[in-house]
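A.B. asks: Could you work out the structure for the sequence below:
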Amino acid sequence: MDIPEGKKIYFASDNHLGAPTMEKSLSREKHFVAWLDTVQKDAAAIFLLGDLFDFWFEYKTVVPKGFTRTLGKLAEITDAGIPIYYFVGNHDLWMNGYFEAELNIPVFHEPQQFKLNKTSFFIGHGDGLGPDDKGFKRMKKVFTNPLSKWLYRWLHPDLGVKLAQYLSVKNKLISGDDDIKFLGEDKEWLVQYSRRKLEGEHYDYFIFGHRHLPLEIDLNEKSKYINLGDWVSYFTYGVFDGELFSLKKY
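C.D. replies: Numbering: from 1, shown residues only. Here you go, the predicted model:
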């Protein structure tokens, strides 16, 4: 992707809209929409790295209600010709065509490689990557199993959404948010994962969410690991101007 002069690429992750309740997340949603309105002015593209919602499940003809401000703004941006790329997180694994059909937003279920100008990026949400985290990896296999999803769709949406929202907040194994603390590079699984990826191929930047911590860590002299933080506590985002990547707060 070539970035036109004067334009920038923006990145954000982990809004968890709807948590702990729709009412309490409303101010955060309005804040995020205001940010989208601001970056729309000079965005060449926007990357959203997952967990936009604290829970999202697409039935055949039903999606969770709410989030009208966010969805409307995303539609406005893509209608204006600005591409948005979405990477599912561990809270919105069950996307299945709604964003593509209604918002014209491609959805990725695995990390992807991008070249922005001459800079190489490896981008994803980050859940289930790296060593350990075995409990969540097993749980994710259950969640993404086609039979599991088919069975879950037999629950009435009122029951299915309410149950999932409760588990999303209460069950740390499901949420993946058990330990939001920086305990050193050797304990950061995504840092270890990135370093292993570098053994096979060079990337200038590894961009992830999931950890809820704004982090910038040098992997070697030419590669950097970035975690975008979140829109729950930090309200941080990433911006790439065609040459350099930086973390900022809104």
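
A.B. asks: Now do the strands in the chain.
C.D. replies: In the chain, the strands defined using DSSP state E lie at 8-12, 43-48, 84-87, 107-108, 112-116, 119-123, 205-208, 214-218, 224-228, 236-240, 245-249.

A.B. asks: Nearest to Leu74 among the ones you listed would be which one?
C.D. replies: strand 84-87 (6.1 Å; CB to CB). In short, each C-beta sits where N, CA and C put it, glycine included.

A.B. asks: all helices for the chain, in order.
C.D. replies: With helices called from DSSP state H, the chain shows them at 22-39, 68-79, 98, 134-144, 146-152, 157-170, 172-175, 189-198.

A.B. asks: Out of the ones you listed, which gets the lowest mean score?
C.D. replies: Lowest mean pLDDT within these: helix 172-175, a mean of 42.

A.B. asks: distance of Asp2 from Asp51?
C.D. replies: Taking CB to CB, to the nearest Å as the measure, Asp2 falls 29 Å from Asp51.

A.B. asks: So for the two, which sits in the more crowded spot?
C.D. replies: Taking neighbours as other CB atoms under 10 Å, Asp2 and Asp51 compare with Asp51 leading, 34 against 10.

A.B. asks: Isn't the more buried one up against Phe208?
C.D. replies: No: if you go by CB atoms under 8 Å, Asp51 and Phe208 don't touch, sitting 11.5 Å apart.

A.B. asks: For the two, list the residues in contact with both.
C.D. replies: Here Asp51 and Phe208 share the contacting residues Ser13, His125, scored by CB atoms under 8 Å, 6 or more residues apart in numbering.

A.B. asks: Which residues are in contact with Pro131?
C.D. replies: Pro131 neighbours (CB under 8 Å, 6+ apart): Trp189, Gln192, Tyr193.
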